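Visitor: Provided below are the primary sequence and the corresponding predicted coordinates.
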Amino acid sequence: MLVSQARYRSAVWLLLFTVVSAVGVVLATRGSFSALMQVRVLAAWLLGAGLVVQIALEYVDFSKSEIETVGYAFLMVSYGLILAFCWANVSTRGFGVISVGIAMNALVIGLNVGMPTKPIGNDASGNRVRKPVEQTVKHRQERSDDLLGGLGDKILFPRPFDTLVSFGDLVIAVGICELAYFASRRRPTIELASRDA
């Protein structure tokens, strides 16, 4: 089952929003991009493995029963790997907030066997309409009995983005901006000189 165009577009817009925000933070605070690129990251393989599993799950054609069993199990394992990566780097400012956002998403997905998603989309004319959510390993349509449903994909970005995100996604974006800010700080020349003396 291929990723739907709407879901792919949402992921791209969210990634673009986060990257632009992080770059804006560095520029606005006169940070150093070279310092940012030198930030030390531990256990990057955990992040890589978690993301590979999540991407693969979008392309595997599961039956409905498999979505809620095998697919669900692999999805939760992927979140465990990503959280382990964040915890391995929690001493670096920003990763604590990022891990909270990831944990929020993992919690609501874990409790509801999928991310509760608002049934909204666009028709052929671009008008916003109620649109049923196709169930995947990661997403399903919201229901009245969802646990902590407020943490689901309910926040709709205005046009032209038309992107649904969760509160956890926004927390992750804030954490990435915090990471960009602190990792891009130049060490004062005076401090370096005093240590060399």
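Guide: Ah, there it is.

Visitor: drop to CA atoms for contacts and neighbour counts, all remaining ones
Guide: OK.

Visitor: Residue 101 is in contact with residue 171, isn't it?
Guide: Yes. Shown here, residue 101 and residue 171 form a contact pair, counting by C-alpha atoms under 8 Å, at 4.8 Å.

Visitor: The residue sitting nearest the centre point of the chain - nearest residue in space that isn't next to it in sequence?
Guide: Nearest residue to the geometric centre of the chain (C-alpha atoms, centre = their mean): residue 169, 4.9 Å. Of all residues not flanking residue 169 in the chain, residue 101 sits nearest, at 6.2 Å (C-alpha to C-alpha, 6 or more residues apart in numbering).

Visitor: how about that neighbour, what does it touch?
Guide: Residues in contact with residue 101 (C-alpha atoms under 8 Å, 6 or more residues apart in numbering) are 167, 168, 169, 170, 171, 172.

Visitor: swap the cut-off to 6 Å and go again
Guide: Applying C-alpha atoms under 6 Å, 6 or more residues apart in numbering, we find residue 101 in contact with 168, 171, 172.

Visitor: before we move on, what about residue 116?
Guide: Taking C-alpha under 6 Å, 6+ apart, we find residue 116 in contact with 140, 141, 142, 152.

Visitor: Now go through those and say which are in strands.
Guide: Within these, residues falling in strands by DSSP state E are 140, 141.

Visitor: Can you tell me which of the contacts of residue 116 has the most neighbours?
Guide: For the contacts of residue 116, counting by other C-alpha atoms under 10 Å, the largest number of neighbours falls to residue 152: 30 neighbours.

Visitor: thinking it is in contact with residue 164, fair?
Guide: No. If you go by C-alpha atoms under 6 Å, residue 152 and residue 164 don't touch, sitting 9.4 Å apart.

Visitor: of the contacts of residue 101, closest to residue 47?
Guide: Nearest to residue 47 out of those is residue 172 (C-alpha to C-alpha; 14.3 Å).
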